[in-house]
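1. here you go, sequence then predicted model.
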Amino acid sequence: MKQPLSKTKRRVKRVCIILIVTVLSYVLVSMAGSVIAFRFIFARTDTVNAFEMTYEDIDKTRYPREEVYFPSGGNRLFGCVYGQGGNSRGLVMVINGINSCIDRHLPEIVWFIDHGYSVFTFENTGVGKSEGDGTVGIAQARLDTAAAIEYIKTADKLNKLPLLLYGHSLGAYAAAAALEDAPEVKAAVCVSGFDSPNENMRYNAKKYVGVLADIQYPFMCLQNFFLFGGKSDDTAVDAINQSNKPVLIVGGGSDDTVPDEISILNKADRITNPNAVVVEIDEEYRGEHSTVWLSRDSAKYLAEAENPTDKARANKLDEGFMRMLTDFFEKALINN
């Protein structure tokens, strides 16, 4: 005959059950919270800032472009091709930052065209004219960039040109990853980029919810892994090192969007790629996350104007910076 549990054992059993239920409830709630957070953080966007140039602001006869669509996963992404002439020095793929629409880097695109390059740019999943209910997560930019490269490989007017990458912020991370993913890439410029998707998410979450971000961090990483598997937290520095391809890493000394603790720039001492060049922009106003390529006057205007809408003044490039990019690309093409 089975003996009844003693009062102490019954109490221990009850405490154990309560603990198990509490832990399981916490895990389930935290996982559900991570799913909801991802849907909120990586929501769909179609926003263009008032100071940004658009294709309507430039001479379309001088800078004609072809609009294209290509698949990435289950979505069609929107892209544009500029300057497909046979005398092009190479094809520069411009990879935008998070939530940036197709024309975000139009001033640089015009510069590249004026200096003999063709340009391909696109909108990531869930942005602008590209399909997708949201932008999914940070590593999606890597997948979208890989899909764009696959499209280029099938395009007769593009696949004969040496492929060069110019990425900003999220696009800088994607450009670094592409150095490892795509042997077609000859060189890359990574501007204001972060090193790790998980580090980046943790840093930004802490700005809004403080210590709660540290508590939720393991579940954010888990959700990221569910979405992207083994590519969920590959670092930019590791990709740069494994590729050994020419890469120019640029960052601003006053960048508070991708600050030192998460930037590729701050981890330069871990870079073993002998073909990597690191440049920090410390000039006043130009050292911010999205001003390193701008003239000092443009950067100052954006910093001080309450409602910056003067597109001409807001988008004047720093010629020294842009010459650095084209010189870097030229050297990379000569040596490859």
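-> Received, thanks. Residues are numbered from 1 along each chain as shown.
2. any idea how many residues pack against Ala43?
-> 12 (other CB atoms under 10 Å). Just so you know, the C-beta spots here come from the backbone N, C-alpha and C atoms, and that holds for glycine as well.
3. what residues are up against it?
-> 126, 134-135 (CB atoms under 8 Å, 6 or more residues apart in numbering).
4. among these, which lie within strands?
-> Using DSSP state E, the subset of those located in strands is empty.
5. and these, which of them are buried?
-> 126, 134-135 (16 or more other CB atoms under 10 Å).
6. kindly reformat those residues as JSON lines containing pLDDT and distance to Ala172.
-> Formatted as JSON lines, these follow (pLDDT from 0 to 100; distance: CB to CB, whole Å):
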{"residue": "Gly126", "pLDDT": "96", "distance to Ala172": "19"}
{"residue": "Gly134", "pLDDT": "92", "distance to Ala172": "21"}
{"residue": "Thr135", "pLDDT": "91", "distance to Ala172": "16"}
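7. quick one: contacts for Ile240?
-> 176, 179, 247, 249, 264, 271, 273, 276.
8. buried residues of the strand or helix carrying it, list them for me.
-> Under the criterion of DSSP states H and E, Ile240 resides in helix 236-243. Buried residues in helix 236-243, counting neighbours by 16+ other CB under 10 Å, are found at 236-241, 243.
9. please convert the residues you listed to TSV, extending it with distance to Val110 and pLDDT.
-> Shown next, in TSV, are those (distance: CB to CB, whole Å; pLDDT from 0 to 100):
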residue	distance to Val110	pLDDT
Ala236	27	96
Val237	31	97
Asp238	34	96
Ala239	29	96
Ile240	28	97
Asn241	33	96
Ser243	29	93
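10. which one of these sits closest to Gly97?
-> Ala236 (14.1 Å; CB to CB).
11. please, which helix or strand holds Tyr151?
-> helix 140-154.
12. circling back: what is the next helix-or-strand element following the helix holding Ile240 packed up against?
-> Towards the C-terminus, the helix or strand next in line after helix 236-243, according to DSSP H and E, is strand 247-252. On a contact count with 3 or more CB pairs under 8 Å, 6 or more residues apart in numbering; DSSP states H and E, strand 247-252 meets strand 185-191, strand 276-281, helix 319-334.
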